[in-house]
Structure formats: C-alpha cells, structure tokens
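# Provided below for reference: sequence and predicted model.
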Amino acid sequence: MGKTLTQKILEDHCDEKDLVPGQIVQCRVDIALGNDVTAPLAIKAFEDLGVKEVFDKEKVVLVPDHFVPNKDIAAATQVKVMREFARRYDVKNYFEVGQMGIEHALLPEKGLVTAGDVVIGADSHTCTYGALGAFATGVGSTDLAAVMATGQCWFRVPETMRFIYYGKLQPWVSGKDLILHTIGDIGVDGALYRAMEFTGEAISALSMDGRFTMANMAIEAGAKNGIFEVDDATQAYLKGRAKNPPRIYHPDKDAEYVEVQEYDVGKIGPQVAFPSLPGNVHPVEEAEDTPIDQVVIGSCTNGRLSDLREVAGILRGKRVHPYVRLIIFPATQEIYLNALREGILEVFVEAGAAVSTPTCGPCLGGHMGILAEGERALATTNRNFPGRMGHPKSEVYLSSPAVAAASAIRGKITHPAQIVGKEEI
Amino acid sequence: MKFTGRVWVFGDDVDTDQIIPARYLTTSDPEALARHCMEDADPSFPEKVREGDIIVAGRNFGSGSSSEHAPIAIKAAGVACVVAESFARIFFRNAFNMALPIFVCEGLYKKLKDGDIIHVDGDKGEITIEGGGERFTVAPIPPFMQGLIQDGGLMAYVKKRFVSPKVNVG
Ligand code: SF4
C-alpha cells in the first residue's frame, strides 16, 4: 500500500515501519516550540522532572509573542519565566521583543524549520510549517515539556485527506480565500484528526506566503496537520535560509486517502467567514455593506510582506473610514523593516491606520485593540469564535488582506474591486 | 474507570475560549483558572459546578487553542470526566496528557438536561442515565492512553519510563 506525505515523514522519525492510520507512535522531534502562554506551564513541568538539560539546545524554540510587549504584570512574569529558563538551559533560540515576531511567521523566516522535519509546538497554529513540506502539529504544554526532556512525542498516525485545486485564481483571490472556502465546504471538524494534503495546479502557482496562510488554517478544519509537496518555490524559499538540509518526500501514486476533494479555483471569489466560526463562510458579496468598527490586518495567518504590499496597494492615497479603527501588525521584525524600507508603513500611517510592533495582541483579544460589547471587527486572522477579540458579545468576520483593506476604507465589508481604480466613495 | 455524577449539558463546538477565555491566560494557576471555567458558555458555571460533576457536550468539544488551560480549568473545577460526541484534536491529546478522562459517546447529550445523573463505565464501555433503561456505547480508549491516565498524566509517564536515576537527573 502506498504512503502519504505525512506517513512517510512520521515513519522516518520513528522506529516502526509501514505505519497505518490509527497507530500510536513515538517520534523523534526536530523542533519544539513554545510561547508565552504555553511555555511557562511546560517549563514548570520540565523542571518538576528534575532533568538537567534540554534534549537539544538548538532544537527548542521559545517565542514570547502573545502578550508582548508585556501587557501587564502577569504577562511580564510569564515572559520572565521563559527568558530565565532560556538563559539557564542555554536555549539558543529565544527571541526577545525587538528581534521577535509571531512564532509561525518567525520560525520559517529564521530558517529553523525545513522540509521533512517533525515539528511540534505548544500552539495550535504550528501546522503552518506544513507549507514547507514538514510534518508540523500543535500540542499542549505538557507535550512540550516531555519533548524538551526526551526529544520524543507520541502521535496517532492520521488518515490523510487530499485537496486538489485546479484552474486559475481570479483577481483578488488569495490562499486565504481558498482555505476559507475549503473550511466552509468541509466544516470546522471536516478534517478532524486527519492530515490535509494540498495539491494541484493552483497550488503550484501559489506563493509561499499563500501556502503558509493555507497550512496555518488547517487546524480550523480540525486537522492534525496541513502539508504541501516541496517544489521549486519551496526550495527557493529554503535556500540560504534553512539551517538544515531539506528532506524531500512525495506521496506514492497509490497512497491511500480517506477522501479526495477537488475545487475549481476559477469559481472561487473572495470569501468571508461570518461570526462565530471559521467554517461559517460566504462569498464576500453576501457580507457586503455590513458595517464594521475595527479592521485588524496581520497575525500568523496574514501578516507577511506580500499581505502588507497588497494592503498598501489598496490603501495608497486613500483614507480609512472615520468610523473605523484600522490596526495593522506586521508579523515579524524583518517584515516590519522591509515594509518600512518599501514605504509601506508610510502608506498605512497616511491612510490613518495604527501600525503595531509584531505581537499576537488583538488576534486573541489579548491587548492592542480589544472590542467592546456589540462591536464588530473584520480581521485577516484565523479565528472568530465568540469573544475571540474582546467582549463575548462582540463579533469577528474573517477575510483576506485585500477585502480587509477595502472594507477599512468604506467602513463596511467590501469587495476590493469596488475600491480599486475608483474614486473615494 | 467508573464515574457517577450530575451532568451539565453543552452544545456543539464549545471552543477553548469558552472553556477558559483567553483574557485569563496570563496565569496558569489551576484554582484561578477554575474560577472562570466555562464562563463564556455559561457565566454561572463556576458557581454551580461541584466536585464529581460531569460535562456532556455535542460535537467538536474543545476546538480552538492548544492551551492546556482548558482541561486544567475543567479538572480544577472538580469535573470528573467529559463526555462528548467528538473532541477537537488538541483538546483530546491534552486531556489524556493531563489525566482528565474523556469519553466519546454518540447520541447521549440530546437525551440529557442539566442536573440529570449518569453512570459512566469506561471498563464496560457504556453509559446509563439514572432512572432510564437506555444504554449508550462509549468508544474504547486505546491502551497507550489508558496508561497515561493510570500513570497520572504524561509527565508521570515520562518520569517513569524515560528519566532513569542514572542519566540526566539532578
Ligand atoms: S497571531 Fe493569533 S493565531 Fe497566530 S499565534 Fe498569535 S494568537 Fe495565535
């Protein structure tokens, strides 16, 4: 029986052969990640074990990003726990404010993840690295503690669902729209416990940034991981960046898939997820004219340079609607610097946007843009659960950066084609 | 594993932000988390829950964040076990790692209302409602995960099997 990408990677990281879905295996882990919400718990559990060293100083990555720059005393204390742990155990990859970024944008950028890796992170969006052809999945703090001590983690070998995208993307349609459409189609538990393997001509044509966005939201369909085959675009991205050589796998022709979904991307327009589930997806036209109080552009889903460029293209020479607060947070320091050099940040500020240092901040209702009761936001993030960005009775819609930028100008959810090339409305 | 307790019934897609809102995640103290357990799904839950109660829910319980604060909050609130139609993946894993017993059971939650008493028999693989004859089947827990719960969670498991007294121990 042929094997899927995920099966092949797991098999090369454990002592067993011919893995079958449902089997529980102990795998060697290449990168183990924690953030300021999850690492302190892991650190406590790790220290309770009484182990003297982490399994590999290069392979543990600690990124305080959720409540930094420290939101309050409790947040400062959490980060202090991480910082002191990193110094005491000589953890090489600890990223301080000023050098950091949102973890899932930062790790690929720093070359810490490469193709063929097994990556675990105590954060659900760890699945982002599947864009690089790695097996990457979110775990809990205790798993992270166990991996920091042993370098190993237990996994249930997942079934794989294959998603084939053919045709050519329409204008204003991005990886975000493809993944929103897919989650809308299969539901928020449509891929529960499974691997999502993304393929097809539209995927080959997609930028790495677009692939990161798609892999990032695999968890929103309940998946264990999302994964892409390595191609020239992946190799070009990894070249000169990845610290370790890639290990490239391809799924067998006769690999077993529990389900195959096909989409003609030519039929997919900009998509919007309505409150309060990422699977409550509709074409943007159905959301049009919904007034919004706040627009948030950024996060590990859509805070990369190409996202910011697209937003700047729409905002240039225009003003944010007077009833809207537009908050833009580039995902990493490098992205921030490049956006600065390209004049993108200037465009944002001139349009009337607030530009933030990299942080998760508003994405999880942490700080830097909390919603009051009854307020409505449109965000390029990945989750719109009740209360996600503030008051339990506030609402979040999800979209691509292009839709978010256009909507910030009109003060209502808007198809970008309504704004671009037209006089201010 | 056997439990008898009063149930609190929730619907589908109860995500981790409802189990423990992200605004409280600046602490990892179980008692502090328990005070806000299920608050965004039912604001009165932290006051009314008692030791030994059981949470029963629909599909995809625990979706959302990977934080273990969710099973920790539930355990610290005194909940004995959670029964749902299905669980979100990371919650499923975290629950076993934290030794919070969870059971997948189809069709049960629609038959229950808050305050009903159920008997969960994890060994026989069945659940019965007090005062009613109907039996519900519970999916078996794989042996590896039973081991995790018996050891008292993943850290105890690691301690027992990986951390030998000779190597690496302070
Ligand atoms: S940006 Fe949002 S989704 Fe991404 S890691 Fe931060 S809180 Fe999580």
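That came through fine.

# pLDDT below threshold where in the chain?
This is for chain A. A:421-425 (pLDDT under 70).

# look at chain B instead
For chain B (pLDDT under 70), the answer is B:164-170.

# Tell me where it has helices.
Under the criterion DSSP state H, chain B contains helices at B:16-19, B:30-34, B:45-48, B:69-76, B:89-97, B:143-151, B:154-161.

# for the stretch 301-425 of chain A, same thing?
Taking DSSP state H, counting those that start in this stretch to define them, one finds helices in the stretch 301-425 of chain A at A:305-315, A:333-341, A:344-351, A:401-410.

# Residue A:326 is nearest to which of those?
helix A:401-410 (4.4 Å; CB to CB). Backbone N, C-alpha and C define where each C-beta goes, glycine included.

# buried set for the top strand by length along chain B?
Ordering each strand of chain B by length in residues (DSSP state E) puts strand B:2-9 first. Buried residues in strand B:2-9, defined by neighbour count with 16 or more other CB atoms under 10 Å in any protein chain shown: B:3, B:5, B:6, B:7, B:8, B:9.

# residues from chain A in reach of the ligand?
Taking CB under 6 Å from any ligand atom as the criterion, chain A approaches the ligand at residues A:66, A:102-104, A:123, A:125, A:299-300, A:360, A:363-364, A:381-382.

# will you turn those residues into CSV that also has neighbour count?
Shown next, in CSV, are the residues of chain A next to the ligand (neighbours: other CB atoms under 10 Å in any protein chain shown):
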residue, neighbour count
A:66, 27
A:102, 30
A:103, 28
A:104, 31
A:123, 32
A:125, 26
A:299, 28
A:300, 28
A:360, 29
A:363, 29
A:364, 23
A:381, 28
A:382, 26
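
# if we can go back for a sec, I'd like the helices of the stretch 301-425 of chain A as a markdown table, with distance to residue A:229 and mean neighbour count appended.
Below are these laid out as a markdown table (distance: least, CB to CB, whole Å; neighbours: other CB atoms under 10 Å in any protein chain shown):
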| stretch | distance to residue A:229 | mean neighbour count |
| --- | --- | --- |
| helix A:305-315 | 21 | 23 |
| helix A:333-341 | 26 | 17 |
| helix A:344-351 | 32 | 19 |
| helix A:401-410 | 26 | 29 |
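
# Go through those and name the closest to residue A:261.
Closest among the helices of the stretch 301-425 of chain A, once you apply CB to CB, is helix A:401-410, at 23.5 Å.

# Output the contacting helices and strands for that closest one.
Here helix A:401-410 touches strand A:294-298, helix A:305-315, strand A:376-379, going by 3 or more CB pairs under 8 Å, 6 or more residues apart in numbering or on different chains; DSSP states H and E.

# which secondary structure element contains residue A:148?
helix A:141-150 (DSSP states H and E).

# ditto for residue A:154
Secondary structure from DSSP H and E places residue A:154 in strand A:152-156.

# Packing partners of the next helix-or-strand element following that strand?
Following strand A:152-156 in sequence order, the next helix or strand is strand A:160-166 (DSSP H and E). With contacts taken as 3+ CB pairs under 8 Å, 6+ apart, strand A:160-166 sits against helix A:5-11, helix A:175-186, strand A:195-199, helix A:201-204, strand A:259-264.

# Among those, single out whichever gets nearest to residue A:335.
Evaluated with CB to CB, the helices and strands packed on strand A:160-166 place helix A:175-186 nearest to residue A:335, the distance being 16.5 Å.

# contacts for that closest one?
For helix A:175-186, contacts defined as CB atoms under 8 Å, 6 or more residues apart in numbering or on different chains pick out A:161, A:163, A:165, A:190, A:202, A:206-207, A:209-214, A:216-218, A:220-221, A:261, A:263, A:265, A:268-273, A:278-282, A:301-302, A:380, A:398-401.

# now, which of those residues lie within strands?
When DSSP E is applied, the contacts of helix A:175-186 are split such that A:161, A:163, A:165, A:261, A:263, A:271, A:272, A:273, A:281, A:282, A:398 fall in strands.

# and the helices of chain B as CSV, adding distance to residue A:256 and mean neighbour count?
Output for those, formatted as CSV (distance: least, CB to CB, whole Å; neighbours: other CB under 10 Å):
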stretch, distance to residue A:256, mean neighbour count
helix B:16-19, 32, 28
helix B:30-34, 41, 17
helix B:45-48, 43, 14
helix B:69-76, 32, 26
helix B:89-97, 20, 28
helix B:143-151, 23, 16
helix B:154-161, 30, 18
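
# can I get those in TSV with distance to residue A:27?
TSV is the format used below for those (distance: least, CB to CB, whole Å):
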stretch	distance to residue A:27
helix B:16-19	25
helix B:30-34	30
helix B:45-48	37
helix B:69-76	23
helix B:89-97	14
helix B:143-151	13
helix B:154-161	15
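
# Among these, which comes closest to the ligand?
Smallest distance to the ligand across the helices of chain B (CB to the nearest ligand atom): 11.1 Å, for helix B:16-19.

# near chain A at all, stretch B:35-53?
Yes: counting by CB under 8 Å from any CB of the partner chain, chain A has neighbours in stretch B:35-53: residue B:40.

# Return the set of buried residues in that stretch.
In stretch B:35-53, counting by 16+ other CB under 10 Å, buried: B:36, B:37, B:38, B:39, B:40, B:41, B:42, B:45, B:46, B:49, B:53.

# contact partners of it?
The contact list for stretch B:35-53 (CB under 8 Å, 6+ apart) reads A:386-387, A:392, B:3-8, B:10, B:14, B:17-21, B:24, B:34, B:55, B:73-74, B:76-80.

# Against chain A, how distant is whichever residue of chain B sits closest to the ligand?
Nearest residue of chain B to the ligand, counting by CB to the nearest ligand atom: residue B:65, 7.5 Å away. Between residue B:65 and chain A the computed distance is 6 Å (CB to the nearest CB, to the nearest Å).

# Contact partners for that residue?
By CB under 8 Å, 6+ apart, residue B:65 lies in contact with A:123, A:124, A:364, B:15, B:16, B:17, B:22, B:90.

# Now for residue 152, how many residues are close by?
In the absence of a named chain, this looks at chain A. For residue A:152, the neighbour count with other CB atoms under 10 Å in any protein chain shown is 19.

# Actually, chain B is the one I wanted.
13.

# from what I can see residue A:53 touches residue A:89, true?
Yes: here residue A:53 reaches residue A:89: they are 6.6 Å apart, a contact under CB atoms under 8 Å.
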